[in-house]
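Undergrad: Based on what follows, work out the 3D shape:
(3 chains)
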Amino acid sequence: MTLDRAKEIVTNRHDYAREWKKKTGSKVMGYFCTYVPEEIVYAAGVLPVRVIGSHEAQSYTEPHIYAMFCPFSRDVLAQGLRGKYDYLDGIMIGHSCLHLRQAFGAWMTNVPASFSYYMYTPAKIQSPHAKELMLAETIEFKKAVENWLGRPITDGALDKSIEVYNTNRRLLKQIYELRKADPPPLFGSEAIELVLSSQLSDKAEHNKILESVLKELPQRRNGPQGGNIRLMIIGSEDDDTNFLRYVEGLGATIVADEHCTGSRYFWNETIPEKDRLRAIGNRYVNRPPCPTKDWESRRRFVHIMNMAKEYNIQGAILVQQKFCDPHEFDIPPLKALLEKNGIPSLFLEFDITVPIGQFRTRVEAFLEMLQLEVV
Amino acid sequence: MITAGIDVGSKTVKVVILQDGKVLARSLVLTGFEQGKAAEEAFALALKQAGLSAKDIQKVVATGAGRTSVSFATESVSDVAADARGAVFINPNAKTVIDVGAEEGRGISTDTRGKVLDFAVNERCAAGAGTFTEAMARAIEVKLEDMGELSLKSTQEIPLNAQCAVFAESEVVSLVHAKTSKEDIARAIHDGISNRIAAMARRVGVQNDIVLIGGVAKNKGFVASLKRQLEADIKIPDEPEYVGALGAALIAAS
Amino acid sequence: MVTSIKKYQTRPLDSFKKAMELRKEYYQNVMEAKQQGKLLITGGADSMVALPAGLGDYVFFEGEPYGATISMDPEFSGKCVEAVEAKNFARDMCAYMRNYWGSMFLNKYYFGGEFPKPDFVMQLGFCDTHAKWMQQVGEYMNAPYFGIDMPVGTPGRNVDAKVKYLTSQMNDAIEWMQKVTGRKYDDDKLREAVRNECKSSALWSEIVCYNKAIPAPLEQRLIFSLYIVCILRRHERKSVEFYEMLRDEVKQRVADGIAAVATERCRLMDDSQPPWYFLQLYKYMEKYGVSVVGSHYSFFLGGSLEEMPDGSLGAPKTPDEMGMPMKTREDILRAYALWYVKKPIISQMFALPHFKSETMLRLVKEWKVNGVIFHLNRGCEGTAFGQMENRLALTKAGIPVMTYEGNMADRREFDEAQTLKRIDAFMESLGLSKLEG
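TA: Have a look, this model is predicted:
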């Protein structure tokens, strides 16, 4: 199965990036949040890879970030301090939460790289003026990349990059579409691995993986069973596929998600227009928002409820990185909204390592409750 | 000049009597509820061992959590100052001193004269390394002194997730329920504590030589975990629990 | 060990009483806004508080100072945070907000009566909390909400685009405010409010510069009592008058050699908001002869500092002093936007840690500071942002540094005995012992 290839990229992400570098002789840029116009980096011939953690207990970040900040931001910084990403030529972040920005700031100061960039991605994406500022910031970012590389990024390269990225988004959405069936042809853990591997690899190559996955899925025999409880996972950054596998081993199938490691990453495409940078910037303003950018009204909940309906969800697991302020704001009203719509939910707080043993009782009790409702 | 250092910890009181850089006597008694009384008792015990009386001691310096309860002390110093001074005396190359006691952990960066350059004390949620190990030993029905040896026989690494002792305890309980071996649980406990202690030490910057002092330094399992965490060698004095008292006695003499 | 040293002359500050009066009057105004026929607007302390001025009389009820005020009352604060936790919100969220929300959920205003119902909610967002805090307020109070997005980003980059972004949003806000209140907007009133705000802030900046003097005429506790006018009412004429009076008084104190701490022999700076319920901390350090002469936080929450021709830090020029046009609404909004884009509390503290580190190093040097105490403040992820990197930068520069963990407005996370013990050890390492008397 080509699905295994996706898993392999996630597991051996450093080897993948190193090999890519060797093969192409080009540079690799790590990005810290999905609110970055990756298309520009890719158009420059540089491989953008998302920086994620390793879920290992560590003490390296203590002098740099203290315990009130989210475990994901600390885990990410630990990777830099331990030299796990020593192949990165540059790093960048778009403005989102303070937690991840702090990890970025500490990385920038303590782990040398020839390029580091913090761009302002508007927070009030609902403002009619957000797109103008996004454009101005995107122009500056492109200039900075060009200066760094000493060569211009051509319109042709941008067009090609947009096309490759849009294809990737379209293919992922097609695969997600298949998950509406009962049984869906793939597990939720596998779907997340598809998205994660997209964030960690060359999209042109990843598109080929997605194409074969799409071909293979209808013939698949060892996928999820029919009649399982249909779950949705919602919340902060979540690359802990071990936990998802565990949940899916208990008679439930995760059929949809709302994470930046999931649907939020690829849900909308760049709509091409003559001003390419504007087109790219608009796409980020229009994407399903992170809670920190979701005000004054709540557009994020609309995306969630649409998904819940289309994917025929029976229950939701709300996953939150401990201390994640943006999600702490959204979870209580979201839980109430789901309940009002007849969708029970279970709230779990994730740390760097996830104590499956401790979650076991709660997850099992939750699934039991859902089973009773189904009967 | 004969001086005494008294370290009133939350669990034990330690006394060192010193003459011109040589230790004449040492004593250790349980602190109990009355710190002042325990200090007197420990002092009397040390004097007896040295064959001296109180008037032979020119200066008494108290340190430790209960240092203000020592009525007969000439003055008092903070535990970080005493620790640094004592550790550098024993190991002149000491740059980082880590003190892990029953209720508190400290990371100290020191210069070659035992002057404190920087220090960090464990935060609220990581408090009580010694007491925590003791409670966990009870939870898995193992004698405290056997915990170290037991954990060295562990065959797998299980991360304890929680930073707070209360939550860590519930994780340990779920490991017990999951029939995890005692060896592996013991190691998980030591890894968990040493992770917090290493984090604290890293705040002040870890530099060789690293000297580990305090009662918990005698726990081999903890030491092995801490070495793994810090990826460095750790020096442990012969009597690690007396280093604070020794430092206080040295400060008294200067 | 007890030491005695020479003492500086000291005397009470006359302006202190006036500051307290202005604060008291403000909370009274919040309560009586409706009776007085004024609009009541709620939002954050860093909001563009002058913006609603064109609508006529109003009171801007600010969330953070109110949350801090509540924290000083353990019983009321306890009830507030419990009310928030009862609604399943996490206890590690902004501690100011939890006090404010709790007071709202309980429908109890701390100074008596019901929680004031705002005519509308207006917020400037630049941390993860600001905009979402007021989203909840708007929904719960059923009040219309307008949020303005403050473009943080790398300081100095894309300034024109940032100013334009803010100006456009403010223009939208003005249209929106007219719609929700049915009032007409008067640009003359806006101009006056913006001028007052910039002037208040510039005066405050001038005042903190007098604290470079040895002995320092002000110390941190006093600074907190004095900056409050600039936080709560900086857009009012009364605020400008107050700071002119204060400036003159502080200037005279420096000329007369008057100290805030008579026994000043060591000057420290601290970082982040203090535990508001334990301001005795400063008194305790005075026993060692320590004067805490200010902080990045206490200087910049109300003020701003710029490089002067001689290379030192000094008060910024107001838009009028810079010769910016202030004629049309566009002019005024542009000047106001630029003022906010340049505010160090936003552009440095919330951007990347090294920007704040660089300024802290300058403050240490120019204010002749001997050491820095970091309150690792679990109550505010904004001011806690980058603190450890700031600490490393100062340590690297050879400046003695101490940290303690706490929470500015939730005393459950503060350990008094442990903190004092640490301060003792820090004083010892600075070679200080307690003074007589």
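
Undergrad: residues near the closest residue to A:G90 other than its chain neighbours, how many?
TA: Distance criterion CB to CB, 6 or more residues apart in numbering or on different chains; nearest residue to A:G90, sequence neighbours excluded, is A:F115 at 3.2 Å. Yep, even glycine has a C-beta here, placed from its N, CA and C like the rest. Close neighbours of A:F115, defined as other CB atoms under 10 Å in any protein chain shown, add up to 17.

Undergrad: how close does the residue nearest the centre of chain B get to B:K143?
TA: Most central in chain B under CA atoms, centre = their mean is B:G214, positioned 1.9 Å from the mean C-alpha point. Taking CB to CB, to the nearest Å as the measure, B:G214 falls 20 Å from B:K143.

Undergrad: which SS state does the spatially most central residue of chain A fall under?
TA: Computing the C-alpha centroid of chain A and ranking residues by CA atoms, centre = their mean puts A:T261 first, at 2.2 Å. Secondary structure assignment for A:T261 (DSSP: H, G, I helix; E, B strand; the rest coil): coil.

Undergrad: these two touch, right, C:K34 and C:Y58?
TA: No. Using CB atoms under 8 Å, C:K34 makes no contact with C:Y58, being 11.3 Å away.

Undergrad: Would you mind telling me which of the two has more residues around it?
TA: Neighbour count, other CB under 10 Å: between C:K34 and C:Y58, C:Y58 has more, with 23 against 13.

Undergrad: ok, now how distant is the more buried one from C:T395?
TA: From C:Y58 to C:T395 the distance is 46 Å (CB to CB).

Undergrad: ok, and does the helix or strand hosting C:Q418 reach over to chain B?
TA: If you go by DSSP states H and E, C:Q418 is part of helix C:416-429. Yes. Counting by CB under 8 Å from any CB of the partner chain, chain B has neighbours in helix C:416-429: C:418, C:421-422, C:424-425, C:428-429.

Undergrad: Most widely separated two among these?
TA: Within the residues of helix C:416-429 next to chain B, C:Q418 and C:S429 form the most distant pair, 16.8 Å apart (CB to CB).

Undergrad: Domain map for chain B?
TA: Listed domain ranges for chain B are B:1-91+B:238-254, B:93-236 (source: automatic domain parsing).

Undergrad: helices or strands next to the helix or strand containing C:I148 in the packing?
TA: Following DSSP H and E, one finds C:I148 within strand C:145-149. Strand C:145-149 is packed against strand C:120-125, helix C:130-141, helix C:159-181, with contacts defined by 3 or more CB pairs under 8 Å, 6 or more residues apart in numbering or on different chains; DSSP states H and E.

Undergrad: any idea of the mean pLDDT for it?
TA: On average, the pLDDT along strand C:145-149 is 98.

Undergrad: Give me the angle between that strand and strand C:120-125.
TA: Calculated by axes from the mean of the first three to the mean of the last three CA atoms, to 10 degrees, strand C:145-149 forms an angle of 20 degrees with strand C:120-125.

Undergrad: C:C209 reaches C:M308, doesn't it?
TA: No. Counting by CB under 8 Å, C:C209 sits too far from C:M308 to count as a contact (9.4 Å).

Undergrad: And those two? Which one has more around it.
TA: Between C:C209 and C:M308, C:C209 has the larger neighbour count (other CB under 10 Å), namely 21 against 11.

Undergrad: sec struct for that one, please.
TA: Following three-state DSSP, we place C:C209 in the helix state.

Undergrad: The host helix or strand of C:Y284 packs against which elements?
TA: Assigned by DSSP H and E, C:Y284 falls within helix C:280-286. With contacts taken as 3+ CB pairs under 8 Å, 6+ apart, helix C:280-286 sits against helix C:220-232, helix C:416-429.

Undergrad: Quick check: neighbours of the helix or strand that it is followed by in the sheet, parallel or antiparallel?
TA: Note on helix C:280-286: by DSSP H and E, the next helix or strand toward the C-terminus is strand C:290-295. Strand C:290-295 pairs in its sheet with strand C:266-271 (parallel), by DSSP bridges.

Undergrad: Could you report the pLDDT at the residue nearest the centre of chain C?
TA: By CA atoms, centre = their mean, chain C has its centre lying nearest to C:L301, at 3.4 Å. With respect to pLDDT, C:L301 scores 95.

Undergrad: give me every residue that touches it.
TA: By CB atoms under 8 Å, 6 or more residues apart in numbering or on different chains, the contact list for C:L301 reads C:45-46, C:227, C:230-231, C:345.

Undergrad: So for these, which is the shakiest by pLDDT?
TA: Among the contacts of C:L301, C:I345 has the lowest pLDDT, at 88.

Undergrad: If I follow the layout properly, C:M427 ends up in contact with C:K287?
TA: No. The pair C:M427 / C:K287 is not scored as a contact, 9.1 Å apart, by CB under 8 Å.

Undergrad: Of those two, which one has the most company?
TA: Neighbour totals were compared for C:M427 and C:K287, and C:M427 leads with 23 against 16 (other CB under 10 Å).

Undergrad: Tell me how far that one lies from C:N370.
TA: In terms of CB to CB, C:M427 sits 11 Å off from C:N370.

Undergrad: before we move on, what about A:E56?
TA: The gap separating A:E56 from C:N370 is 40 Å, by CB to CB.

Undergrad: and what of A:S161?
TA: 54 Å.

Undergrad: ditto for C:A143
TA: Distance, C:A143 to C:N370, using CB to CB: 48 Å.

Undergrad: what do you get for C:I399?
TA: Distance, C:I399 to C:N370, using CB to CB: 8 Å.

Undergrad: out of A:S161 and C:N370, which sits in the more crowded spot?
TA: When A:S161 and C:N370 are compared for neighbours, A:S161 comes out ahead with 25 against 17, by other CB under 10 Å.

Undergrad: Identify the residues contacting stretch C:318-336?
TA: With contacts defined as CB under 8 Å, 6+ apart, stretch C:318-336 is touched by C:48, C:50-51, C:163, C:166-167, C:170-171, C:174, C:187, C:190-191, C:194-195, C:197-199, C:202, C:338-339.

Undergrad: how about 10 Å then?
TA: Contact with stretch C:318-336 is made by C:48, C:50-51, C:54, C:160, C:163-164, C:166-171, C:173-174, C:185, C:187-188, C:190-195, C:197-203, C:315-317, C:338-339, as judged by CB atoms under 10 Å, 6 or more residues apart in numbering or on different chains.
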